[in-house]
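Colleague: Everything below, folded, please.
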Amino acid sequence: MITSVKTAAKNELEGLDGLKTEPFSRRGFVMTGLVSGFTLATTVVHGQTINTDSKGLVAGEVKIPTADGELPSYRAMPEGAGPFPIILVVEEIFGVHEYIKDICRRLAKLGYCAVAPELYARLGDLSKMTDAQVIVRDVISKAPDATVLSDLDATAKWAAASSKGDAARLGVTGFCRGGRAVWLYAAHNPQLKAAVAWYGPLGGNPTAIQPKTAADVVGDLKAPVLGLYGAADTGIPVASVEKQRDAAKAAGKTVEIVIFPDTPHGFHADYRPSYRKAQAEDGWARMLAWFKRYGVA
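Modeller: Take a look at the predicted model:
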């Protein structure tokens, strides 16, 4: 599993707020709708996938207004008056496909308004891409962090205004590359109550449009972060995870790191061979407890 994009480019930009977004070479959104079913870019183990129904929910594809168009997204929330606490769900590199949609429905069943924006819609049609390395090279590496953060802000604003969401109870969770975005967003949005990063990459080589790693922003965190990692993750060394924990402690930030023994990257992804049921369920329970402890639930 690819966890970072290697590049020789360096930069001298400071901070995350106020960055200029690199202009896109194409007008509009390449991806105007979400992935149907599961991603084509990885092996799917259908026998173990979790399928959460939408009974009692308002669930489906929505369009979120941004400065340059409408962002295709998936929203699930309970039926009823609300207001509901908001959880931003940040995708892996494979798009908002059935696994990410199901996570939204799982959270909605627990009383949350969960929204997953398709953050790479401007850059490529992930519904048709079959090679993870090509996705990283042609899409992920070309997504400016400033745009990702702006889109998450727009999603939170939309959820509060249009989906009975409670802006005062805002949380975020994300998986793999989405876990990296969780760290960045926790350093970006002072209104965020709590964040949970599932095996989010911590290092990497900065570029002009992705100027900070998760490790770089640990001292700027504005919300408590729970990091869930696997000791057998070949792309995220345990030493780097422990370093992140120690740096957060030194900076006086509220960060809890859990490292599951003998556990690979992607252990929550129930559609992939990397899935580990016990660790996934343990991490999920810890995530819910984290959100409750810090005022999202």
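Colleague: list the contacts for residue 252?
Modeller: The contact partners of residue 252, by CB atoms under 8 Å, 6 or more residues apart in numbering, come to none. C-beta here means a position set from N, CA and C on the backbone, and glycine is covered the same way.
Colleague: excluding its backbone neighbours, what's nearest residue 129?
Modeller: In space, and not counting its chain neighbours, residue 129 is closest to residue 135: 5.2 Å by CB to CB, 6 or more residues apart in numbering.
Colleague: Residue 121 now?
Modeller: In space, residue 121 is closest to residue 31, 3.9 Å off (CB to CB, 6+ apart).
Colleague: so the one you found touches residue 128, yeah?
Modeller: No: judged on CB atoms under 8 Å, residue 31 makes no contact with residue 128 at a distance of 9.1 Å.
Colleague: the more surrounded of the two?
Modeller: residue 31 (22 against 11; other CB atoms under 10 Å).
Colleague: Look at the more buried one and tell me its secondary structure.
Modeller: Following DSSP: H, G, I helix; E, B strand; the rest coil, the label given to residue 31 is coil.
Colleague: Residue 220 and residue 190, how far apart?
Modeller: Distance of residue 220 to residue 190, computed by CB to CB, to the nearest Å: 11 Å.
Colleague: The two - which one has more neighbours?
Modeller: residue 220 (17 against 9).
Colleague: follow-up on the earlier one: let me know the pLDDT of the residue nearest to residue 121.
Modeller: Looking at residue 31, its pLDDT is 86.
Colleague: Not counting its own residues, what contacts the helix or strand hosting residue 148?
Modeller: Element membership for residue 148 (DSSP states H and E) is helix 145-162. For helix 145-162, the surrounding residues in contact (CB under 8 Å, 6+ apart) are 16, 19-21, 64-67, 71, 73, 75, 86, 88, 90, 113, 115, 117, 119, 122, 165-167, 170, 172, 181, 184-185, 188-189, 191, 209-212.
Colleague: out of those, which are inside strands?
Modeller: Counted as lying in strands by DSSP state E, out of these, are 64-66, 71, 73, 75, 86, 88, 90, 113, 115, 117, 165-167, 170, 172.
Colleague: Low-confidence stretches in this structure?
Modeller: Along the chain, segments meeting pLDDT under 70 span 1-28.
Colleague: Pretty sure residue 58 sits against residue 74.
Modeller: No: counting by CB under 8 Å, no contact exists between residue 58 and residue 74, whose distance comes to 11.7 Å.
Colleague: quick one: which of the two has more around it?
Modeller: The residue with more neighbours, out of residue 58 and residue 74, is residue 74; 26 against 16, by other CB under 10 Å.
Colleague: Can you give me the distance of the more buried one to residue 217?
Modeller: Distance of residue 74 to residue 217, given as CB to CB: 27 Å.
Colleague: contact partners of whichever strand or helix holds residue 280?
Modeller: If you go by DSSP H and E, residue 280 is part of helix 277-293. Helix 277-293 has contacts (CB under 8 Å, 6+ apart) with 48, 85, 87, 110, 171, 173, 193-194, 196, 198, 224, 226, 228, 230, 256, 258, 260, 263, 267-268, 270, 297.
Colleague: got it, and stretch 226-246?
Modeller: By CB under 8 Å, 6+ apart, the surrounding residues in contact with stretch 226-246 are 1-4, 179, 183, 194-203, 214-215, 218, 255-265, 267-268, 276, 279, 283, 286-287, 290.
Colleague: in it, what's buried?
Modeller: Neighbour counts using 16 or more other CB atoms under 10 Å place 226-230, 232-233, 235-236, 240-241, 244-245 of stretch 226-246 among the buried residues.
Colleague: for that stretch, how far is the first residue from the last?
Modeller: Across stretch 226-246, the terminal residues are separated by 14 Å (CA to CA, to the nearest Å).
Colleague: Would you enumerate the residues in contact with residue 223?
Modeller: Counting by CB under 8 Å, 6+ apart, residue 223 has contacts 186, 189, 192-195, 294.
Colleague: Try it again at 10 Å.
Modeller: 170-172, 182, 185-195, 253-254, 294, 296 (CB atoms under 10 Å, 6 or more residues apart in numbering).
Colleague: ok, now residue 48?
Modeller: 270-273, 275, 277.
Colleague: Tell me the spacing between it and residue 271.
Modeller: To residue 271, residue 48 is 8 Å away according to CB to CB.
Colleague: try residue 99
Modeller: Computed as CB to CB, the residue 99 to residue 271 distance reads 5 Å.
Colleague: before we move on, what about residue 112?
Modeller: Distance from residue 112 to residue 271, by CB to CB: 21 Å.
Colleague: Cheers, nothing more for now.
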